[in-house]
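S.K.: predicted model and sequence below, questions to follow.
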Amino acid sequence: MSDVKPRVRAFLACSLDGFIAGEGDDLSWLPGPESMGDSDGGFGAFLSLVGALLMGRRTFDVLAAMPGAPWPYGDRPVLVATHRPLSSPQPQVRPVSGDAATLVAAGLAAAGGRDLYVDGGALVRSVLQAGMLDELVITQIPVALGRGLPLLAGIERLICFRTTKVEPLAAGIMQWTLVPERPAD
């Protein structure tokens, strides 16, 4: 058994003005493979450490509605935070509900000792505010959207981050790896 504790991590693309999606869940501003060359921005290496995903319902619905897009998560369990009925052609997808601590506990249990990937703006904010996010990787795309779905807007308390890595990627893209400070008890 490994002595390495599984981490709760997020990996998101974000515009310069802080949005993870444009109006109407528009993702057309994200760079395609032609812009990135041979790089996946570190997503493959990130995903190789992940045992399960904890995803917000809106994020799941946007992903599920992408025509012809391959399922990017393989056979990893995907827990979707929702209070509504959920159906998916992917057998590893299941609904979960509860507060941030309950959701993270379910995700870590499903991850089987590997890292938990938290995805979706509201869910990432909730887990971050609960002091349960260990690492946030933000791939900052050099575009301003003006409106859309914010990544961190609406945080209810001051959260400071320690930058552990800054990496320039193709097409002027920058990637920040951040560790949030834990709230004082």
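M.R.: Sure thing, it's come through.
S.K.: use CA for all of it now, contacts and neighbours both
M.R.: Will do.
S.K.: which of the helices and strands in this structure ranks last by mean pLDDT?
M.R.: helix 33-36 (a mean of 70; mean pLDDT, DSSP states H and E).
S.K.: other residues contacting that one?
M.R.: Residues from elsewhere that reach helix 33-36 (Cα atoms under 8 Å, 6 or more residues apart in numbering): 40, 169, 170, 171.
S.K.: can you get me a residue count around the residue nearest to the last one when sequence neighbours are not counted?
M.R.: Leaving aside its chain neighbours, residue 171 sits nearest to residue 35 (6.2 Å; criterion: Cα to Cα, 6 or more residues apart in numbering). Other residues within reach of residue 35, judged by other Cα atoms under 10 Å, total 13.
S.K.: same check, this time on residue 125
M.R.: Residue 125 has 22 nearby residues by other Cα under 10 Å.
S.K.: which parts of the helix or strand hosting it are buried?
M.R.: Element membership for residue 125 (DSSP states H and E) is helix 121-129. Within helix 121-129, the residues scored as buried using 16 or more other Cα atoms under 10 Å are 121, 122, 123, 124, 125, 126, 127, 128, 129.
S.K.: again, but for stretch 66-82
M.R.: In stretch 66-82, counting by 16+ other Cα under 10 Å, buried: 76, 77, 78, 79, 80, 81, 82.
S.K.: among the contacts of helix 33-36, name the buried ones.
M.R.: For the contacts of helix 33-36, buried by 16+ other Cα under 10 Å: residue 169.
S.K.: from the contacts of helix 33-36, which is closest to residue 178?
M.R.: residue 169 (16.5 Å; Cα to Cα).
S.K.: I'd say the closest one and residue 142 touch.
M.R.: No: when contacts are counted by Cα atoms under 8 Å, residue 169 is not listed as touching residue 142 (11.1 Å).
S.K.: OK, contacts around residue 112?
M.R.: Here residue 112 is in contact with residue 51 (Cα under 8 Å, 6+ apart).
S.K.: residue 61 looks like it's in a strand, true?
M.R.: No: with DSSP: H, G, I helix; E, B strand; the rest coil as the criterion, residue 61 is helix rather than part of a strand.
S.K.: I'd guessed residue 83 sits against residue 58; true?
M.R.: No: under the criterion of Cα under 8 Å, residue 83 makes no contact with residue 58, lying 11.7 Å away.
S.K.: so where's the protein uncertain?
M.R.: Applying pLDDT under 70 to the chain flags residues 1-2, 36-38, 183-185.
S.K.: go again using 50 as the cut-off
M.R.: For the chain, not a single residue meets the criterion pLDDT under 50.
S.K.: for the residue nearest the centre of the chain, which non-adjacent residue is closest in space?
M.R.: Geometric centre of the chain, nearest residue: residue 119, 2.9 Å, by Cα atoms, centre = their mean. Distances taken as Cα to Cα, 6+ apart put residue 55 closest to residue 119, at 4.8 Å, once the chain neighbours are dropped.
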